[in-house]
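Asker: got a predicted structure here, sequence first:
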Amino acid sequence: MWNRKPGFATLLYIILEQQVSLASARAAYARLLDVASPLTPKRFLELDGDSLRRIGFSRQKTGYARGLARSIESGGLNLSVVGRMSDGAARRVLLEQRGIGPWSADIYLLQALRRPDVWPNSDLALIVAIQDLRGLDERPGFEEVEEIGEPWRPWRAVAARMLWHYYLSRRRGSEPNGML
């Protein structure tokens, strides 16, 4: 189900996952936990730039992560409050954070807050699975992916998880039964 614990550590992990392989992000996150566990905003802010580079943070991701940590430390972002908001309101609050884009906000809502109707229409694995299952010559765009997800409301997160499982099973070489 890819459920994650709500909070700073998960958002930081999601930032690490942006535009890199999951294996690369997992390795960097493991290195981070080796030097800053338990991982809190305060503890993260104590790490210097050289340490973060050795862990695997780019300059850009360092900036995003420090901004997130500062926002939480200052009380500007309260993730407990975000967790009690509607999907739309929570997404808007997350998107106000530099470095948290639509994909990151959707993944947090879906996996950490376990919202049932989140549809991460910009997720590459989801897009590739849809392309494959529908026999499309080209990857569908975000708008087309959004339209494809509409009939599955209010359970689009379930459909996303199924598509991720399909994608991963195809990468491993097994062929699941079923059509989209």
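Answerer: Good, I have the coordinates.
Asker: drop to CA atoms for contacts and neighbour counts, all remaining ones
Answerer: OK.
Asker: without its sequence neighbours, what residue ends up closest to the residue most central in space within the chain?
Answerer: Centroid-nearest residue in the chain: I107, 3.5 Å away (criterion: Cα atoms, centre = their mean). Closest residue in space to I107, ignoring its immediate chain neighbours: P120 at 6.9 Å, by Cα to Cα, 6 or more residues apart in numbering.
Asker: who's in contact with the one you found?
Answerer: Going by Cα atoms under 8 Å, 6 or more residues apart in numbering, P120 touches 102-103, 106-107, 126, 160.
Asker: list the contacts for Y108?
Answerer: Taking Cα under 8 Å, 6+ apart, we find Y108 in contact with 6, 10-11, 14.
Asker: sorry, back to before: against I14, how distant is the residue nearest to I107?
Answerer: Computed as Cα to Cα, to the nearest Å, the P120 to I14 distance reads 13 Å.
Asker: overlap of the contact sets of those two?
Answerer: Here P120 and I14 have I107 as joint contacts, going by Cα under 8 Å, 6+ apart.
Asker: what's the lowest-mean-pLDDT helix or strand in the chain in contact with?
Answerer: Within the chain, no helix or strand scores below helix 156-172, which has a mean of 93 by mean pLDDT, DSSP states H and E. With contacts defined as Cα under 8 Å, 6+ apart, helix 156-172 is touched by 1, 110, 115-120, 125-126, 128-130, 149-150, 152, 175-176.
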